[in-house]
Every structure is written in C-alpha cells, then in structure tokens.
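Engineer: quick one: sequence and predicted model below, then my questions.
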Amino acid sequence: MKRFRNSFQTKLIVFLLFAITIPILISIIVTYQYTKATIKDTYIENNSTLLYHGSQNVTHYLSQINQASLLLYNDMRDLKSFHHIISKQEMSFVDDQNMFVNLQYMTSTMSDLSQVYMYFNRSNTSHRYAYKVKRNDDGQTYQVHIPDGKDYFIEPTHLSHTYNINKFPYEQHEPVLSFHRNILNLPSDEVLGTITFDIKLTTLEQMSSLLYNNEEEQLFIVNEYGQPIFSSHPTDQQELAKWTGNIHQVKDSHKYYEYEDHHFHGIHLFQTIESPIANWTIIKRIPYDYLYTDARQLTFINSLIVALFLIVSIIAILYISYHFTSPLKRMLKYINQIEIGKVETKLDIQRTDEIGILSRRFHQLIQNLNHAINNEYKLVLANRTNQLKALQAQINPHFMNNALQSIGTLALQNNQKKIYALISSLGKMMRYQINASELPVKLSAELEYVTNYLQLQSQRFEDQLHYYFDIAEDTKQLEVPRMLLQPIVENCFKHGFVDHQNNGEIWIKTRIHQNNLMITISDNGVGLTDERLIALKQQLSSYIMNESIADEQNENVGLFNTQARLLLYYNKKATLNLYHNSPNGLVVEINIMLVEGEVNSGEITNSRR
C-alpha cells in the first residue's frame, strides 16, 4: 500500500510538473523569437527613416558647399569679379584687394569654412585665405589631385595644413574635409586654376550625432572609394573596406544586411547620398547584443517568474500529495454519525495536519451551533448601538452650530453687533471642524479659519492684540493639510503673550519662492532663549529622523503635531523652521516643495497619493 501511494505521488508530481513547465517553456521560446523579430523589424524601419532624413540633411549641406564654390562665376563681366581677376596674367594691387573682398563674401556663406587655397595658371600664383587674412606666393605651392574626367573632388577627412604658404604663428591644425574644384574659363573647357575649401567637421558631426547612440552604435560616412568621411569609432581602412564592400550587393529595397566577424555581430543599415559633388554612403552598425537587450531582459524576467512558479508548484504538489490524499474514511464515518443526530460523537483529533484541524473545527462547529443565535442577536444589538452613538456624535456638533446661529440672530436683534461677530466667528470655526478630515483644503479656507480664531482672541486681549496678513494671490488656491496653521498661532498665545504687558502682534505671510510655498508666522512675544531654541530645533530634527509620536504632555505639542502632519503629507519634502524675531519674539516658517505645474493648477501633491 505504501509503495503504491509513493508511486502515485511520484506520477502525480511528474505529470503536474510536465503539464506546467512544457507550455510555459514553449510560450517563453515563442515569445522571445517573436519579440526579437518584432524588435528587429521595428528598429530597421525606424532607423531607415532616420538615416533617410539624415541623408537629406547631408545632401543639403553638400549643396551649400557646391553653391559657395560656384560664387567664382558670379558677375563674370564685372572687372572686379573673381573670374575676371583669375583670368589675368598679372595681378595688380587693386585686383588683390578685390580678390580679398570676394574671399570674405565667399567664406561668409559657410560657417564651417576654415580656409581657402587657390592656384591661378595664367599668373602662376598661389593664394591662401585663413583667419580672415590673405597670403600669396609665386608658383604652385601645393599640387591638388582631382580624378580624371571630373572637375571637383572631396578629399576625405585629414588634418588641415598650410599649403606651403606663409604659416601663421597662431595656426592650429584640426580635422577638415577639402573640396577641390577646377576653375574653368567658361564656356570653354580651359582650366584657369584650382580652388580648395577646407571645411571643418562641426556641422557634419552635429548632424551625425542625431543618427546614432554613441555608446552602443557606430556610424560611418564613406565616399564612393570607400574612404571614411566621418567615423564615430576608430576603424582600420582595410577592415572598413572589407564590410563596406557588401553594400553594392544589397538590393536597394532592403537598405541593410547582416554581418559577422570576430569584431562585430549585428546589422549594417545604410543610406546613399547622391549630390552633384559627391556620392557618399551613411552606414550605421547595430550589434545584436544591443538590439536584443529588451528581448533578453523580458526573457530573463519570464524565466525568473517561471522558476518561482515552479518552486511554488512543487511545494503545492507535495503538500497536496502528502496531506490532502490521506484516508478520509474516518471523516466520512463521522459525518454519517452527525447526519443521524449523534452530535456528541468523538473524532480522532490527535492529528496535527490539516485533516486534524478540519476535524477539530467541524466538531467545534457542532458544539457552537446552540450559541449561534444568541451571538448573532448580540452582534445585531451591538451594531445598532454603535450606529446610534455615531448618529448622536454627528448630530451634536450640528445642534451646537444651529444653536450658535440662533444666539447670534438674537444678539443682532438686540443690536449687539460685537457679540454677533464673535458668535459668527465661533460658528464658522465649528462648521470648519464639523467637516474635518485628513483631506487637504485650500490655503484661503485655512486662513479664514485662523482669522476667525484671531477675532475671538481679540476679544480676550481687547486692544492689546493686532494681527496682520500678507497673503500672495497665487498662494490662496494651493492646497495644504487642514488645521496646519491654527496650532502655531495658538502657540503664540500660550507661550508668546504670557504676561500681557505689551501690545501683542502676529504677522502671517505667504509667498512662492523658487517653486516653494513659504508660510511665515511671527510674533513679538517673549520668544525663546538661544539655548531653548537650539534644544527645540534638535527635538524637531530628532522627531524627523525617528518619526515618533509627539508626547501630548509636551508644551510644544502644537509644533510637533504640525511637523507630524507635514511628514505625513509630504514625506520630508516640507520643513518647519524656527528663528528669533527682531527685536523679540519668534518666527515659525513652513516651507513646502511644489512640483512642476502646481502653481497654475493650485494643488500640492500629497506624497501618499
């Protein structure tokens, strides 16, 4: 029997594990493959669009370079024109000055133009314009190489040089592109000379930076000869030519291909750039490790969930096998005895497992049936008593408020306006407290409550109490915790105006400063000594750290309760500070941090929401 039971348990465990794990593993594999394919397709589509727009920007940039070089042919009949000066065999001082003016205009059309080098065949002179200064020399100081059959060529990125003409003492070498163009004697094909633009890479680098993630991806711009124009990462020329050669084998409809070697394993996206002066290609390299990061993370999370689920499942299976498959005949027999009315029948309650607990609970249930009706009756009676007490607690404040209104009306009828004003203030305070909850209220409502409180205190102090409000309009609609200010104002009377010898003054000021709501309550009372102020600040700081409950016997319980509510609502994003008031008295400052948009919306976000 025991062997059979163990065999059944083994079969049950194996069956349930297979039934649970196989579908989940298949689901994870299918989800991973589908996620990879989706991520790949989406990434290729989005980046192809991105590279296309990038190529349009580069094409426009090349067009600007071309247009700047064609300024050579502007106003060809004008004696001061660039083309007319180049055509001369000898150049005068005036021609040199006119050329300088033309060079200034030409360089002003492009912000990245670093320098210009020119060689004129007829006059056999070389000219260099850099740093807004022009220098020239006899003969051809630098040989420009332009491929046969072309009148222009863009030399790949290299360090700028002097073209062997009068090096400036403050000159700095920097990476540049050189655009070389033959100067033709239009409309004939006669070559009058060459002009070279050295173009800084600033704009090209800015446009390229928008096309890739510098930490994970690579971006290259190469010319039709496979030479690098821009490289985000240092790459050997031979290696660059190796994987750029595959571009010509890819159909235009795809614009990408997969590539793998000992350095890289991923996808190459490319976009051709066709302009009148250059045929470049933008190539973006995306490694699979970066491309499929999200898919791997999702699979890892799913695997953790499956592992946790399997652990729970194994525990549940073992629990069921060893505890819920135990013999039930005794339980069934006991139930039969109950059915025929033998409620005093004993059960074997020596077991400590679930069956033992079930048997004991069932037995207790039978024993407690006789008490169920009485207990239910008592429960209903207690509920109704509690409801009555709650109703009475709700009615009493309303009754007192209505009674105050009646007394106020009577005082007004007897021309006791001052009594009416005091009763009205007290009634407003009671209405404010009747609706008390932990929900925030607008600052204007809290200030109105404090005003009513101060009006009642004015009767007590007669003409020895003066209070002033300086409330910024943009703070009135902000929400603060209910009963935030009254405890602090009450402290002014409890501790500040104890001797009643001088006129008491209370100032309440609100403003928004650096995205913070600042509420200041100050008085001219006796204030605190330096030692007492330091000790009180330390107690408040200790309260913040420990978040303990303030002792109701503490003489500064109002400050501690206010501190507690600030912590509760704003989670240490609000502060309560104490300062000496000059010449005497105390200043309590509440500073509440606002999140973006709260000044316009009139709401302070509760950290517990």
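Structural biologist: It's in.
Engineer: so where do the strands sit in the stretch 101-250 of the chain?
Structural biologist: Across the stretch 101-250 of the chain, reading from the start of the chain, the strands by DSSP state E, counting those that start in this stretch fall at 113-120, 125-130, 133-138, 152-159, 175-184, 191-200, 218-222, 228-231.
Engineer: let's have those strands in CSV, adding distance to Thr293, mean neighbour count and mean pLDDT.
Structural biologist: C-betas here are computed from N, CA, C, even on glycine. Output for these, formatted as CSV (distance: least, Cβ to Cβ, whole Å; neighbours: other Cβ atoms under 10 Å; pLDDT from 0 to 100):
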stretch, distance to Thr293, mean neighbour count, mean pLDDT
strand 113-120, 40, 23, 90
strand 125-130, 47, 23, 89
strand 133-138, 52, 15, 87
strand 152-159, 32, 16, 89
strand 175-184, 32, 20, 90
strand 191-200, 35, 21, 90
strand 218-222, 16, 22, 88
strand 228-231, 24, 19, 86
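Engineer: in a markdown table: the ones you listed, plus distance to Asp463.
Structural biologist: Listed next are these as a markdown table, based on distance: least, Cβ to Cβ, whole Å:
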| stretch | distance to Asp463 |
| --- | --- |
| strand 113-120 | 82 |
| strand 125-130 | 85 |
| strand 133-138 | 84 |
| strand 152-159 | 86 |
| strand 175-184 | 83 |
| strand 191-200 | 79 |
| strand 218-222 | 80 |
| strand 228-231 | 83 |
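Engineer: ok, now which ones touch the closest residue to Tyr105 other than its chain neighbours?
Structural biologist: Distance criterion Cβ to Cβ, 6 or more residues apart in numbering; nearest residue to Tyr105, sequence neighbours excluded, is Leu71 at 7.2 Å. When contacts are counted by Cβ atoms under 8 Å, 6 or more residues apart in numbering, Leu71 is found next to 82, 102, 105-106, 109.
Engineer: quick one: closest of the strands of the stretch 101-250 of the chain to Val306.
Structural biologist: Ranking the strands of the stretch 101-250 of the chain by distance to Val306, with Cβ to Cβ as the measure, places strand 218-222 first at 35.8 Å.
Engineer: any weak-confidence spans in the stretch 401-550 of the chain?
Structural biologist: Within the stretch 401-550 of the chain, the segments meeting pLDDT under 70 span 401-439, 499-502, 543-550.
Engineer: mind running it again at 80?
Structural biologist: Across the stretch 401-550 of the chain, residues meeting the criterion (pLDDT under 80) sit at 401-439, 455-463, 482-483, 495-502, 541-550.
Engineer: that one: strands as residue ranges?
Structural biologist: Taking DSSP E, counting those that start in this stretch as the criterion, the stretch 401-550 of the chain carries its strands at 441-442, 465-471, 479-480, 504-512, 516-523.
Engineer: what lines up beside the longest one in the sheet?
Structural biologist: What it means is strand 504-512. Using DSSP bridges, the neighbouring strands of strand 504-512 in the sheet come out as strand 465-471 (parallel), strand 516-523 (antiparallel).
Engineer: buried residues of the longest one, list them for me.
Structural biologist: Spelled out, that is strand 516-523. 517-523 (16 or more other Cβ atoms under 10 Å).
Engineer: could you do the shortest one as well?
Structural biologist: Residues of strand 465-471 classed as buried by neighbour count (16+ other Cβ under 10 Å): 465, 467.
Engineer: residues in contact with it: which ones?
Structural biologist: Counting by Cβ under 8 Å, 6+ apart, strand 465-471 makes contact with 447, 451, 454, 457-458, 497, 503-510, all of which sit outside it.
Engineer: could you give me the PyMOL syntax to select whichever of the residues you listed are buried?
Structural biologist: In PyMOL, a selection of the buried entries from those looks like this (16+ other Cβ under 10 Å):
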select buried, resi 447+451+454+457+458+497+504+505+506+507+508+509+510
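Engineer: farthest pair in the contacts of strand 465-471?
Structural biologist: Asn503 and Thr510 (23.8 Å).
Engineer: got the phi/psi numbers for Thr35?
Structural biologist: The phi/psi pair for Thr35 (degrees, to the nearest 10) reads phi -60, psi -40.
Engineer: identify the residue nearest it in space, chain neighbours excluded?
Structural biologist: Ala295 (4.4 Å).
Engineer: residues contacting that neighbour?
Structural biologist: 32, 35-36, 39.
Engineer: ok, back up a step: which one of the contacts of Leu71 is nearest to Tyr257?
Structural biologist: Proximity of the contacts of Leu71 to Tyr257, judged by Cβ to Cβ, is greatest for Thr109, which lies at 38.9 Å.
Engineer: give me the pLDDT for the closest one.
Structural biologist: Residue-level confidence at Thr109 comes out at 83, pLDDT.
Engineer: now swap in Trp280 and tell me
Structural biologist: Residue-level confidence at Trp280 comes out at 88, pLDDT.
Engineer: still on that earlier bit, for Ser108, see how far away the residue nearest to Tyr105 is.
Structural biologist: Separation of Leu71 from Ser108 (Cβ to Cβ, to the nearest Å) stands at 10 Å.
Engineer: with Ser542 instead?
Structural biologist: For Ser542, the distance to Ser108 (Cβ to Cβ) stands at 68 Å.
Engineer: again with Asn136
Structural biologist: 21 Å.
Engineer: and stretch 46-54, what's buried?
Structural biologist: With burial defined by 16+ other Cβ under 10 Å, the residues of stretch 46-54 counted as buried are 47-48, 50-51, 54.
Engineer: what does stretch 477-489 give?
Structural biologist: When neighbours are counted by 16+ other Cβ under 10 Å, the buried residues of stretch 477-489 are found to be 478-489.
Engineer: so of those, which ones are in helices?
Structural biologist: Residues from the buried residues of stretch 477-489 lying in helices, with DSSP state H as the criterion: 486-489.
Engineer: ok, of these, which one's closest to Gln67?
Structural biologist: For those, the residue nearest Gln67 by Cβ to Cβ is Ile488; the value is 71.6 Å.
Engineer: surely the closest one and Gln563 touch.
Structural biologist: No: counting by Cβ atoms under 8 Å, Ile488 does not reach Gln563; the two are 10.6 Å apart.
Engineer: could you give the number of residues near the closest residue in space to Tyr170 that isn't next to it in sequence?
Structural biologist: The shortest distance from Tyr170 to any residue other than its chain neighbours is 7.6 Å, reached at Tyr131 (Cβ to Cβ, 6+ apart). Tyr131 is flanked by 12 other residues according to other Cβ atoms under 10 Å.
Engineer: phi, psi of Tyr131?
Structural biologist: Dihedral pair for Tyr131: phi 50, psi 30, per degrees, to the nearest 10.
Engineer: bridging residues for Lys284?
Structural biologist: Legend: beta-bridge partners of Lys284 under DSSP bridges are Leu219, Leu269.
Engineer: which ones are touching it?
Structural biologist: Contacts here follow Cβ under 8 Å, 6+ apart; on that basis Lys284 touches 47, 51, 211-212, 217-220, 268-270.
Engineer: ok but the residue nearest to Thr35 is inside a helix, no?
Structural biologist: Yes: assessed with DSSP: H, G, I helix; E, B strand; the rest coil, Ala295 lies in a helix.
Engineer: from Leu517, how far out is the nearest residue to Leu447 once chain neighbours are set aside?
Structural biologist: In space, and not counting its chain neighbours, Leu447 is closest to Ile471: 6.4 Å by Cβ to Cβ, 6+ apart. According to Cβ to Cβ, Ile471 stands 12 Å off from Leu517.
Engineer: same deal with Tyr319?
Structural biologist: If you measure Tyr319 against Leu517 using Cβ to Cβ, the figure is 56 Å.
Engineer: give me the neighbour count for Met207.
Structural biologist: Neighbour number of Met207 under other Cβ under 10 Å is 19.
Engineer: correct me if wrong: it contacts His60.
Structural biologist: No: the pair Met207 and His60 fails to qualify as a contact (Cβ under 8 Å) at a distance of 9.6 Å.
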